[in-house]
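# sequence unknown, structure follows:
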């Protein structure tokens, strides 16, 4: 994974709560066995509506998605994260993320930025009012700022996750540092535990 | 980060503590995974990555695969019409063959929905850690296992290491005291819980379902409740193992045998939450006040008792809830104030990892016996596995379904998620025993109402939402 440090750019306001991963990438797209090319399926059903925010030319080229409360709920499909990345998003802002979506995002280097509901509202309003508004998200400092709109806020990220993002560490590699511990653990598991064979 | 392991502990904490391979302050715990379930949708990219990195599957003997999401439920002996689905199924079989993983493909005696076959084979046992690239892995928590859904990168991680780095979740007790009224089921319990805590209310938490109403449930009912924990945003749902659990497991193909059985039961009896252990959050529901529930909106927290009516968005408290409700009513083609019983449905779906076990089929068949479904209505019954199908047929349930007008299908995820030929058409309204009423979930433009198997069956007969008791009136 490549390091994630500072993300600067314009944002799209997706002013809806409880956006589920079935909307982010509809299940038709899940039949594919590849990891690339999911951008075309991002919000595929909503994008058929001409008035949907991603069809608004003012927001073309934005790399930050600002969404309502509880983003990424529902299915565990990592395809949702692949679709957001493939479309060009580098960060998603919400006042709450579903657990599995949050994990998937971190592992793929899509930055989930959790802010308070007030900050989320302020960002949605500011971006709606001014599509050219520039945002800067700094992983090391844990800040999200839109100076032209007078918004400066912090977001929380546990220290380990922050380091992992800043350094682009491969998670499997990190776990395999403890291979000797895995061997020891396996040796002491009770015999009656089931195997699939 | 580890909490102290001394003092009274919760069920979730005990299972967690027993699986920590490595702990470092300030880092996630590295957890050993006892069982990794795999299906065709979320695994191909993980196997590719394993190959690319030159890694192998560490424990194929703790891994089990089945085909469920894409499989058709009719004509399974003919080539699949959908070539993209066919390819995904082929890729699952070839990946499993290459890495030495047992796979139950379409048509196999043990094939079925991944969350149905784990328990039915006795692979799901108390105190285990179980993962799958599927959010409804929470189902297995009904046995007192810590079971949760993961993404494809984590599937790859488990294939390569048989471990996962995880932050210890918070705990939430959902206490359901008292006795359920007649006609109220496990599905209604969990819909009521989600309606109370909201779709994000369980975020970051493992829920332990407790109380007399949970203890009184069968394993099938407990699985239904834990299955939909994810719909309340929870990391996992759990029920403490007890005699009901042991009775279900004994003599299952992969359950411990002989002297091992005694050792296992002794360990399992040590797992329930200790007296005096505290939860980070507690929620209480009075079982005696619960009713059959029906969802009206596009997320599972948008739910009302069947005696109720479609709500008025302007009566809701928050601006976000009002907007969401208004948008949901528009999508669902519903008008505020319409009594739920007056809503006419086009289709009834009995199936999914939530409600396709033998007990669910029996509950629906009991309502349908001697009755016919409404003329013009489409109704399908889809057993969760080949074993469930065989058992249902041995009990003659298939005859009851087909005589009533239901179609009797082959096992799979079917109409839960529109990845196979079973789908809703735009605008088609469905009473469904599945778990998600998201926009387009059962097919683009389809309108889903989540209900219990008994309500689904009664609704099929009445043509509009109904309880079995309504049919006798």
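The structure has been received and is ready for your questions. These figures come from a predicted structure and were not determined experimentally. Numbers count the residues shown, from 1 in each chain, chains lettered A, B, ... in the order given.

# now the helices for chain A?
Under the criterion DSSP state H, chain A contains helices at A:21-24, A:44-47, A:79-87, A:99-108, A:117-129, A:159-167, A:171-176, A:179-187.

# what are the bridge partners for residue B:449, then?
Note on residue B:449: beta-bridge partners by DSSP bridges are residue B:431.

# so what's it up against?
Residues in contact with residue B:449 (Cβ atoms under 8 Å, 6 or more residues apart in numbering or on different chains) are B:294-296, B:343, B:345, B:429-432, B:437, B:465. C-betas here are computed from N, CA, C, even on glycine.

# JSON lines for the helices of chain A, including mean pLDDT, mean neighbour count and distance to residue B:443?
Putting the helices of chain A into JSON lines (pLDDT from 0 to 100; neighbours: other Cβ atoms under 10 Å in any protein chain shown; distance: least, Cβ to Cβ, whole Å) gives the following:
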{"stretch": "helix A:21-24", "mean pLDDT": "98", "mean neighbour count": "26", "distance to residue B:443": "11"}
{"stretch": "helix A:44-47", "mean pLDDT": "97", "mean neighbour count": "17", "distance to residue B:443": "11"}
{"stretch": "helix A:79-87", "mean pLDDT": "98", "mean neighbour count": "24", "distance to residue B:443": "18"}
{"stretch": "helix A:99-108", "mean pLDDT": "97", "mean neighbour count": "24", "distance to residue B:443": "23"}
{"stretch": "helix A:117-129", "mean pLDDT": "98", "mean neighbour count": "18", "distance to residue B:443": "31"}
{"stretch": "helix A:159-167", "mean pLDDT": "96", "mean neighbour count": "16", "distance to residue B:443": "37"}
{"stretch": "helix A:171-176", "mean pLDDT": "95", "mean neighbour count": "18", "distance to residue B:443": "36"}
{"stretch": "helix A:179-187", "mean pLDDT": "98", "mean neighbour count": "14", "distance to residue B:443": "44"}
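
# would you format the ones you listed as TSV with distance to chain B included?
Shown next, in TSV, are the helices of chain A (distance: least, Cβ to the nearest Cβ, whole Å):
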stretch	distance to chain B
helix A:21-24	4
helix A:44-47	5
helix A:79-87	7
helix A:99-108	4
helix A:117-129	9
helix A:159-167	5
helix A:171-176	5
helix A:179-187	5
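
# residue A:22 contacts residue A:72, correct?
No - in this structure, residue A:22 is not within contact of residue A:72 by Cβ atoms under 8 Å, at 10.8 Å.

# which residue packs closest to residue B:217, ignoring adjacent ones?
Ranked by Cβ to Cβ, 6 or more residues apart in numbering or on different chains and with sequence neighbours excluded, the top spatial neighbour of residue B:217 is residue B:186, at 5.5 Å.

# wait, the one you found sits on residue B:228?
No - assessed by Cβ under 8 Å, residue B:186 is found out of contact with residue B:228, at 9.4 Å.

# so who does residue 189 touch?
In the absence of a named chain, chain A is used. B:32, B:34.

# switch to chain B, please.
Contacts of residue B:189 by Cβ under 8 Å, 6+ apart are B:176, B:180, B:213-214, B:217, B:225, B:285, B:287, B:290.

# residue contacts, the closest residue in space to residue B:447 that isn't next to it in sequence?
Counting by Cβ to Cβ, 6+ apart, the nearest residue to residue B:447 once its immediate chain neighbours are dropped is residue B:429, at 4.5 Å. For residue B:429, the contact set (Cβ under 8 Å, 6+ apart) comprises B:333, B:343-347, B:447, B:449.

# could you rerun that using 6 Å?
B:345-346, B:447 (Cβ atoms under 6 Å, 6 or more residues apart in numbering or on different chains).

# what's the answer for residue B:88, then?
For residue B:88, the contacting residues are A:31, A:33, B:40, B:70, by Cβ under 6 Å, 6+ apart.

# go with 8 Å
A:31-33, B:40-41, B:44, B:70.

# again with residue B:255
Per Cβ under 8 Å, 6+ apart, neighbours of residue B:255: A:194, B:122, B:125, B:249, B:261, B:264.
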